[in-house]
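Visitor: predicted model follows, preceded by the sequence.
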Amino acid sequence: MLNTIAREAFTRLFRPLARLLLRLGLTPDAVTFIGTLGVSAGALIFYPLGHLFWGTVVITVFVFCDMLDGIMAREMGRKSLWGAFLDSTLDRIADSAVFVGLALWFFLGADDPLTALLALGCLVTGSLVSYVRARAEGLGVHASGGIAERADRLLVTLIVTGLVGMGLPDIVLTVALGVLMIACCITILQRISSVRRQLLENHETA
C-alpha cells in the first residue's frame, strides 16, 4: 500500500540527492550494494547485541538507498532489467538480515523464544509474498499489491523495534510481529487469488 502512496513524495524529496550522487560518479547498482551492506550490518551487528534503537537508526539510514537507486536510474533515463533483478535479490538479503538479527537477540539475549519465532515467521512469509510475485511474473501475469508489501513490512518492523529499543515493553514487538505475519499470509492469499483469476481469464480468451 505504501508503495503507491509514498513513491511520488519520496521521489520529489530525494531527487536532489540522487542527482548529486550521479554527479559524484556513483551508479544505481553501487548505491543498491551500499544500502544492502548497511542494512545487513546494522541488523546483524546491533540487533543481536540488544541495541534495538541504534540498530534501527542505522538500518533506516541505509534503507533510503533502496529508494535512491530507482530515482537515480530514472534520472539517467535508464530502465535496466539487470538493475531490477539486482535490486529485488538484494532486498531479500536485507529483509532476511533484519529478521535474523531480531531472532538472534530474542533467542540468545532476551530469552524470548516466542518473539524470535515470530520474527522468523515474518521472514518466511515475507519471502513468500515476494516469491509469489516473482513466480507470477515468470508466468506472464501480475501479482503485486496486497495489505503487506515490502514497504509496509519494513515500516512496521522498524518503527516498533525502534520504539521497543527506546523503552517500550517487548510484548509490543511480539504483537506487531504476530500481526505482521498474519498480514503476510493474507497478502500471499490475495496474490495467489489474483494469479489464479488472471490465468483462468487468459485460458478462456486463448
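Guide: Nice, I can see it.

Visitor: can you map out the helices along the protein?
Guide: All helices of the chain, identified by DSSP state H, fall at 2-23, 28-41, 52-75, 81-104, 113-138, 150-165, 170-205.

Visitor: of those, which is nearest Ser144?
Guide: Proximity to Ser144 (C-beta to C-beta) singles out helix 113-138 among those, at 5.9 Å. In this view, the C-beta of every residue, glycine as well, is placed from N, C-alpha and C.

Visitor: quick check: buried residues in the closest one?
Guide: For helix 113-138, the neighbour count (16 or more other C-beta atoms under 10 Å) marks 115-123, 125-126, 128-130, 132-133, 136 as buried.

Visitor: which residues are contacting stretch 94-106?
Guide: Residues outside stretch 94-106 that contact it (C-beta atoms under 8 Å, 6 or more residues apart in numbering): 35-36, 39-40, 43-44, 46-50, 52, 55, 59, 63, 66, 112-113, 115-117, 119-120, 122-123, 126-127, 150, 153-154, 157-158, 161, 170, 173, 177.

Visitor: buried residues, stretch 138-152. List them.
Guide: Buried, per 16+ other C-beta under 10 Å, within stretch 138-152: 141, 143, 146, 148-152.

Visitor: oh sorry, the question was meant for stretch 45-53
Guide: By neighbour count with 16+ other C-beta under 10 Å, stretch 45-53 contains the buried residues 46-48, 51-53.

Visitor: could you dump those to JSON lines with pLDDT and distance to Pro16?
Guide: Listed next are these as JSON lines, based on pLDDT from 0 to 100; distance: C-beta to C-beta, whole Å:
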{"residue": "Phe46", "pLDDT": "97", "distance to Pro16": "29"}
{"residue": "Tyr47", "pLDDT": "97", "distance to Pro16": "32"}
{"residue": "Pro48", "pLDDT": "97", "distance to Pro16": "36"}
{"residue": "His51", "pLDDT": "97", "distance to Pro16": "32"}
{"residue": "Leu52", "pLDDT": "97", "distance to Pro16": "32"}
{"residue": "Phe53", "pLDDT": "97", "distance to Pro16": "29"}
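
Visitor: and which of these is nearest Ile188?
Guide: Tyr47 (25.5 Å).
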